[in-house]
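Trainee: need coordinates for the below:
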Amino acid sequence: MSRALHLLLEQLDGQERQAAAEVGAAQLRLQQLEQQQQTLSQYQRHYCQEFQHRGQQGLGAHQFGHFQGFIDKLEQAQRQQLQGVQQARQQLEKSRGAWMAVRARKQAIDKLLEREAARKQLEAARQEQKMLDNLAIYRFHKKNI
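Mentor: Predicted coordinates for the structure are as follows:
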């Protein structure tokens, strides 16, 4: 049983490393998407400010339509980016859950192996004590004969 548990532990160790790598990749992806969202938001604010500035100076219908169309496209891009960020967050949570599950299984096997080792050590100590007791009894009887 112990050999099988050690093999299982090695397998779970590999799975844990893989799951941890996936968590790291998911975190990086989320950070990148959040940065892109922030950049897009800043660009949109800047463009809206430019629109207001030019509007105060007077815009023709064509220019107004161009600005408004581009602002609409930026808003659509913002919504898509936000959706991507939300999906990345969900993926990160899913990856974390998978990592935690593997880690919990690994810890359970570790604990089982520790208990098995402690049980074996206790059994060995009992065997040694029994042997010492038998030796003491033997010497006592040999001395009295």
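Trainee: host element of the most centrally placed residue in the chain?
Mentor: Residue closest to the average C-alpha location in the chain (CA atoms, centre = their mean): residue 96, at 3.4 Å. Using DSSP states H and E, residue 96 maps to helix 61-144.
Trainee: give the rounded mean pLDDT of that helix.
Mentor: Averaging pLDDT along helix 61-144 yields 91.
Trainee: before we move on, what about stretch 48-56?
Mentor: 81.
Trainee: could you tell me how far that stretch lies from the centre of the chain?
Mentor: Relative to its parent chain, stretch 48-56 has a centroid offset of 45 Å by CA atoms, centre = their mean, to the nearest Å.
Trainee: now stretch 34-50
Mentor: Its chain's C-alpha centre and that of stretch 34-50 lie 30 Å apart, by CA atoms, centre = their mean.
Trainee: what residues of that stretch count as buried?
Mentor: Residues 37, 40, 44 are the ones in stretch 34-50 that count as buried (16 or more other CB atoms under 10 Å). C-beta: built from backbone N, CA, C; applies to glycine.
Trainee: format these as CSV; extra columns: distance to residue 58 and secondary structure.
Mentor: Listed next are the buried residues of stretch 34-50 as CSV, based on distance: CB to CB, whole Å; DSSP: H, G, I helix; E, B strand; the rest coil:
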residue, distance to residue 58, secondary structure
37, 33, helix
40, 28, helix
44, 23, helix
